[in-house]
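Peer 1: sequence first, then the predicted structure, then my questions.
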Amino acid sequence: MTTTRAIRDNYSRVATAYDGVWADTLALHAKAVADRLPLTDARRVAELGCGPGRLLPHLADRAPQATVIGADLTEAMLQRAPAAYGRVVADVQALPFADGVLDAVVMPFVLFHLPDLPLGLSEVRRVLRTGGSFAAVTWSTHDPHPAYDVWVRVIEDFGAPPDPSPQMPSGAVTADPEALGQAVRTAGFGEVRITPEPFRHQSGWQQFIEHSKVVGSMARRLELLAPERRTACLTVAARELSQLDAEDFVESGNILYTTAVAGSNE
């Protein structure tokens, strides 16, 4: 079972690698879903799971009267977020905010990480005022990705053990629009709207392997190999990946944009 501590430890290790092209790519969707919320008159807005804080300046622009807060489980991520905004180490499943103090919460690429999704969503509802806005982005479907397939095959050929800490314990629910919508409504939200949106990211083979050997499930498996075997595995992977065509490095599919309004607690 994946624990909150395992997720925190993972993101502590990968913070430097994450704070780059990947963070910029995900921020495009974070901004797009935030733009669906009525933030003009908001006074307190939080991004939960803010990572290196790419979204925080955008929230400040969209909510010019608001105090903008970035919360993340991992201090190493928060250290990379802009110091101009409030920053707090926090677990979404036990938020350090009083009831009803926030006007809006945005959670891009976070919900699937929660070991207890109903608890996390209930906490988000608790800290939002009635009528407050909520937005999230989650992974849904993935198209075939030849580069990743090669990466997985090579790692398995070298006998890498299974991922010791899968990072998406709630992924099955958050990838399914119907199941996700039910979870959000059960937590006390109304006006739930979930739309599939296209996702696309492309890298070259060198960028792909530099990122993939640090971030993700295969990176955690790679770390379990003995050093000399790990080096050999990376050599073979680099040789095979360098032979692929550019389009083989396109990661694409659908993600889900979710927006909702905090309902009455009565």
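Peer 2: Looks like it arrived, so ask away. In this text the structure is predicted, and so the values were computed from the model without any measurement.

Peer 1: is residue 86 in contact with residue 69, as I believe?
Peer 2: Yes - the pair residue 86 / residue 69 is scored as a contact, 4.1 Å apart, by C-beta atoms under 8 Å. (Each C-beta comes from the backbone N, C-alpha and C, glycine too.)

Peer 1: between the two, who's got more neighbours?
Peer 2: When neighbours are counted by other C-beta atoms under 10 Å, residue 86 and residue 69 differ, and residue 69 comes out ahead with 21 against 14.

Peer 1: who are the contact partners of that one?
Peer 2: 44, 45, 46, 47, 85, 86, 87, 88 (C-beta atoms under 8 Å, 6 or more residues apart in numbering).

Peer 1: quick one: pLDDT of it?
Peer 2: Looking at residue 69, its pLDDT is 98.

Peer 1: so it sits in a strand?
Peer 2: Yes - with DSSP: H, G, I helix; E, B strand; the rest coil as the criterion, residue 69 is part of a strand.

Peer 1: next one: it from residue 63, what distance?
Peer 2: To residue 63, residue 69 is 11 Å away according to C-beta to C-beta, to the nearest Å.

Peer 1: count of neighbours near residue 15?
Peer 2: Other residues near residue 15 come to 21 when the count uses other C-beta under 10 Å.

Peer 1: number of residues surrounding the closest residue to it other than its chain neighbours?
Peer 2: Nearest residue to residue 15, sequence neighbours excluded (C-beta to C-beta, 6 or more residues apart in numbering): residue 76, at 3.9 Å. Number of residues near residue 76 (other C-beta under 10 Å) recorded here: 18.

Peer 1: so who does residue 76 touch?
Peer 2: The neighbours of residue 76, taking C-beta under 8 Å, 6+ apart as the test, are 11, 12, 15.

Peer 1: quick one, what contacts the last one?
Peer 2: By C-beta under 8 Å, 6+ apart, the residues touching residue 15 are 52, 74, 76, 77, 79, 80.

Peer 1: adding pLDDT, secondary structure and distance to residue 133, write those residues out as CSV.
Peer 2: Converted to CSV, the contacts of residue 15 look like this (pLDDT from 0 to 100; DSSP: H, G, I helix; E, B strand; the rest coil; distance: C-beta to C-beta, whole Å):
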residue, pLDDT, secondary structure, distance to residue 133
52, 95, coil, 23
74, 94, coil, 25
76, 94, helix, 29
77, 93, helix, 24
79, 95, coil, 28
80, 94, coil, 26
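
Peer 1: separate out the buried members of the residues you listed.
Peer 2: The neighbour count (16 or more other C-beta atoms under 10 Å) marks 52, 74, 76, 77, 80 as buried among those.

Peer 1: alright, that wraps it up for me.
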